[in-house]
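Provide a 3D model corresponding to the input given below.
(one chain, ligands or ions: 1)
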Amino acid sequence: MRKPKSKSRELRKQRRFAEQEEISLLNEWIEFQKPDSGSNPLSLPPLPSNAPVGRLSDGTFSRYAGSTKFSELPISKKTMDGLKKSDYVSMTEIQRASLPHALCGRDILGAAKTGSGKTLAFVIPVLEKLHRERWGHEDGVGCVIISPTRELAGQLFDVLKAVGRYHNLSAGLLIGGRKDVDTEKERVNELNILVCTPGRLLQHMDETLSFDCSQLQVLVLDEADRILDVGFKKTLNAIISQLPKHRQTLLFSATQTKSVQDLARLSLKDPEYVGVHEKSTTSTPDRLQQTAMIVPLEQKLDMLWSFIKAHLNSKILVFLSSCKQVKFVFEAFKKLRPGIPLKCLHGKMKQGKRMVIYSQFCEKRSVLFSTDVASRGLDFNKAVDWVVQVDCPEDVASYIHRVGRTARYASVGRSVLFLTPSEMKMLEKLQEAKVPVQFIKANNKRLQPVSGLLSALLVKDSDLQDLAKKAFVTYLRSIHIQKDKEVFDVMKLPIDEFSASMGLPMTPKLRFLNQKIKGKKMSGMQLDNADKDIANLATGAFREDLGGPRGKLDIGDHEEADVEKGFLLSKDAEHEGEAKASELGPILPATRVLKKKKLKINIHRPVGTRVVFDEEGNTLPPLARVADAKNVDNSSLLDQGKREEYYVKMREELKQADKEDKAQDRQRRREKRIKGKMKWKKQTMDKEEDGDDEDDSGSEGERMGDRKRKRSKIYFDSDSDDGKTIEDRDKLVKTDSISLSEQEALALKLLSSMH
Ligand SMILES: Nc1ncnc2c1ncn2[C@@H]1O[C@H](COP(=O)(O)OP(=O)(O)OP(=O)(O)O)[C@@H](O)[C@H]1O
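Below you'll find the predicted structure:
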């Protein structure tokens, strides 16, 4: 029994020794052939195919900058075996350009098109760094990889596990939405590599007492531009402040930022800018065929339905702008049974379900309706055939990431972007950013209207109707809050028609638009004629050659000529439309907004026209009541001194009465406000208790809108019974005081005439 033990100990010793030898060799090799800082390994010629690799017979080492195969790099046998096992042999361009720099410990700022293999460009240096440092379980956290979404983090974790399968390193996936935080807390310090989303990492930094990153060797930000943007700013700053400054930092994205501020936050040291596709004529993969077409808002669902029906054998990824829309389109289309499995993915789904959907979509032909949660980084196993952007992306970067879910690595892919007539500016922006989008015209004959079917569904199903309303509101709100006003203008959208196209019997109220339309004349919400012309130019179903299994967009020469003509015409028409719009004033949505009736006060009204009646109904002269007052001794009023005294007293009384009125009014308003607040609080609590899952894109906006409205009520006193503003009331008080002095003069006249 003892013999085998000592044998295995011996074996382990030998293995450790061999590993030590390998590490020394790798360190020497890396140091000897270090590429010059700032050099581009892609500019070097590849090694001859049968050239020796590693230590050469003369004691020097082979050049690794410029190599094309993983086997030509100074990497460990364990990583090499992992790569082989996953069938990775030749490097992609970003791997060739960045790995030689990253392996010798430099900070990297890497940018390359979607699907070009950026994941391996950081996974390999991470494994190698920890391996060469002989990192073990007892050393704790040596590397942190941060990803913006949970799915992407999961995918990175899978790649790390596959390539690092022969290493003795431990790794963990720390992402939100998982219930086992306590187990994570117990084990997090035993992990060497953490793959995480920013929120979960910060949660551990804040809550896990023993959590220690002080020995961190490498920090990786995948989709770096997304992690560095405002959405994650606070979280990332808090994370960075707790990490040691002496470390290697690797940043990768398809749309990279070079902002000095961002880099300062990360304390990068002389980073290598590796932008392999900077000189490329396009910013998207060459194998990706991209098209765009005008689809009026009210025809989007018809168009989408027709598209799905025409591609029943494809794997289609459909992007919509909010969770509610994803839910509605998914639920409604599911009920209409298009003949292909439908799935949906959005940020409000439980994490477990999200993972299941993600892996199911990797496997089968189907349609996945998704928000931008699936737009970045995800690599769906079997190629996605089509990316359909039903709602316009918020910017060019977002477009690039969305279409990047297809045509990955060596595969081909196609995409189509629906643009409403008012979003045409996006096409220009894409062209400026070197995105080769071809404008196409659709075939009207193939359009299969779905609005009628949706109406019938919604009449029967009140839940679906409710969902449709929410989807309608969140879509318009998402347009309303978009930053790029050149592309997104909610006031130009045909709101009533859009509502009808979703099958809604009535246009839901859009309270968030009140501010915009206040004071403007309401008109039927219609597309401007010119806009309609543009829309008609390209409306209709896709010209498809359905002969092949997937169907192809028929954009042959003849079609292209049409398309080109359509595009040019539409531009002219658009300008014409602008001119008309400015003549007519802005187009306003036909929502029902109650206009507050303003009470007009004429401060110049003639004094003394107020008519007072006695008990028998006879008219009395002005101020007769004052003159008749019981406690007034008329004769005494003739005395100048007493008269003055009387007026002073009257003024005092009036002031006092005015004060009391105001106090009462304030009290009434305060009570009303408190009541309103209680009601609002109760509603919010009820909502929370109901677990109403709100939308990422819109609900917060709406809540804020509600709060603002409530706040505005405090200042704009629409609560008061008479509907007057505070200003109005001030004016009234002023009016009264003007007339009072004049009334005094009149009273004098009257009294003297009575005598
Ligand atoms: N050297 C390689 N050889 C073969 N396949 C590779 C190689 N490198 C990457 N791939 C494959 O290419 C696909 C895309 O890789 P990856 O997800 O790393 O791209 P990416 O550049 O990170 O994309 P995105 O910008 O969308 O995140 C994956 O399926 C991956 O397995």
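
residue ranges for the strands of the stretch 151-300 of the chain, please.
Ranges of strands within the stretch 151-300 of the chain are 171-174, 193-196, 218-222, 248-253, 272-275, 288-294, based on DSSP state E, counting those that start in this stretch.

Comparing the ones you listed, which yields the minimum mean pLDDT?
Lowest mean pLDDT within these: strand 272-275, at a mean of 89.

related to what we said a few turns ago, save the strands of the stretch 151-300 of the chain as JSON lines, and put in mean neighbour count and distance to E652 too.
Every residue, glycine included, has its C-beta placed from N, CA and C. Compiled in JSON lines, the strands of the stretch 151-300 of the chain are given as follows (neighbours: other Cβ atoms under 10 Å; distance: least, Cβ to Cβ, whole Å):
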{"stretch": "strand 171-174", "mean neighbour count": "20", "distance to E652": "74"}
{"stretch": "strand 193-196", "mean neighbour count": "27", "distance to E652": "73"}
{"stretch": "strand 218-222", "mean neighbour count": "25", "distance to E652": "74"}
{"stretch": "strand 248-253", "mean neighbour count": "25", "distance to E652": "75"}
{"stretch": "strand 272-275", "mean neighbour count": "20", "distance to E652": "80"}
{"stretch": "strand 288-294", "mean neighbour count": "22", "distance to E652": "73"}
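
Output these in TSV, with distance to the ligand appended to each entry.
Converted to TSV, those look like this (distance: least, Cβ to the nearest ligand atom, whole Å):
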stretch	distance to the ligand
strand 171-174	17
strand 193-196	14
strand 218-222	7
strand 248-253	7
strand 272-275	12
strand 288-294	12
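
Enumerate the residues of the protein near the ligand.
By Cβ under 6 Å from any ligand atom, the part of the chain that sits against the ligand consists of 88, 90-92, 95, 112, 114-120, 254, 377, 379, 404, 408-409.

Put the buried members of the residues you listed into a ChimeraX selection.
Selection of buried members from those for ChimeraX, criterion 16 or more other Cβ atoms under 10 Å:
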select :88,91,92,95,112,114,115,116,117,118,119,120,254,377,379,404,408
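
Helices - which of the residues of the chain next to the ligand land there?
Q95, K118, T119, L120 (DSSP state H).

Pull the most distant pair out of those.
Q95 and T119 (9.6 Å; Cβ to Cβ).

shared neighbours of those two, which are they?
Residues touching both Q95 and T119 (Cβ atoms under 8 Å, 6 or more residues apart in numbering): none.

How about S267, nearest residue that isn't a chain neighbour?
K245 (5.1 Å; Cβ to Cβ, 6 or more residues apart in numbering).

Next: A456.
The shortest distance from A456 to any non-neighbouring residue, by Cβ to Cβ, 6+ apart, is to G503 (7.6 Å).

Burial check on that neighbour, number of neighbours?
G503: 23 surrounding residues under other Cβ atoms under 10 Å.

for E28, same thing?
15.

And K309, by the same measure?
16.

for K677, same thing?
So K677, with other Cβ under 10 Å, has 11 neighbours.

Okay, and it sits in which element?
K677 belongs to helix 640-690 when assigned by DSSP states H and E.

swap in A471?
Using DSSP H and E, A471 sits in helix 462-480.

mind saving the C-alpha coords of the helix or strand just after that helix as PDB?
Downstream of helix 462-480, the next assigned helix or strand under DSSP H and E is helix 495-501. Written as PDB, here are the backbone C-alpha positions of helix 495-501 (Å, rounded to 0.1, in the frame of the first residue of the first chain):
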ATOM      1  CA  ILE A 495     -49.900  56.900 -32.700                       C
ATOM      2  CA  ASP A 496     -53.500  56.000 -33.300                       C
ATOM      3  CA  GLU A 497     -52.700  53.800 -36.300                       C
ATOM      4  CA  PHE A 498     -50.000  52.100 -34.300                       C
ATOM      5  CA  SER A 499     -52.400  51.400 -31.500                       C
ATOM      6  CA  ALA A 500     -54.900  49.900 -34.000                       C
ATOM      7  CA  SER A 501     -52.200  47.800 -35.600                       C
END
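
Mind checking the pLDDT average for helix 495-501?
Per-residue pLDDT over helix 495-501 has a mean of 94.

what packs against it?
Packing partners of helix 495-501 (3 or more Cβ pairs under 8 Å, 6 or more residues apart in numbering; DSSP states H and E): helix 300-310, helix 451-460, helix 462-480.

Which of the ones you listed sits closest to L493?
Closest among these, using Cβ to Cβ: helix 462-480, at 6.8 Å.

gap between the closest one and the chain center?
16 Å (Cα atoms, centre = their mean, to the nearest Å).

Averaged pLDDT, it. What do you get?
Helix 462-480 shows a mean pLDDT of 95.

Over to stretch 377-387?
The average pLDDT within stretch 377-387 is 85.

And the lowest mean pLDDT element among the helices and strands of this protein?
Lowest on mean pLDDT, DSSP states H and E among the helices and strands of the chain sits strand 544-545, with a mean of 27.

what's the distance between the closest residue in space to P436 that isn't next to it in sequence and K441?
Distances taken as Cβ to Cβ, 6+ apart place T282 nearest to P436, at 5.2 Å, with adjacent residues excluded. Using Cβ to Cβ, to the nearest Å, T282 is found at 23 Å from K441.

Now the phi/psi pair for P494, please.
phi -80, psi 90 (degrees, to the nearest 10).

Can you verify my assumption that it contacts Q299?
No: between P494 and Q299 there is no contact under Cβ atoms under 8 Å: 10.1 Å.

what's the strand or helix carrying F328 packed up against?
If you go by DSSP H and E, F328 is part of helix 323-336. Identification of packing neighbours for helix 323-336 by 3+ Cβ pairs under 8 Å, 6+ apart yields helix 300-310, strand 342-345, strand 367-370, helix 451-460, helix 462-480.

quick one, which of these is packed in tightest?
strand 367-370 (a mean of 26; mean count of other Cβ atoms under 10 Å).

strand partners of that one, parallel vs antiparallel please.
Paired strands of strand 367-370, with direction, are strand 316-319 (parallel), strand 342-345 (parallel) (DSSP bridges).
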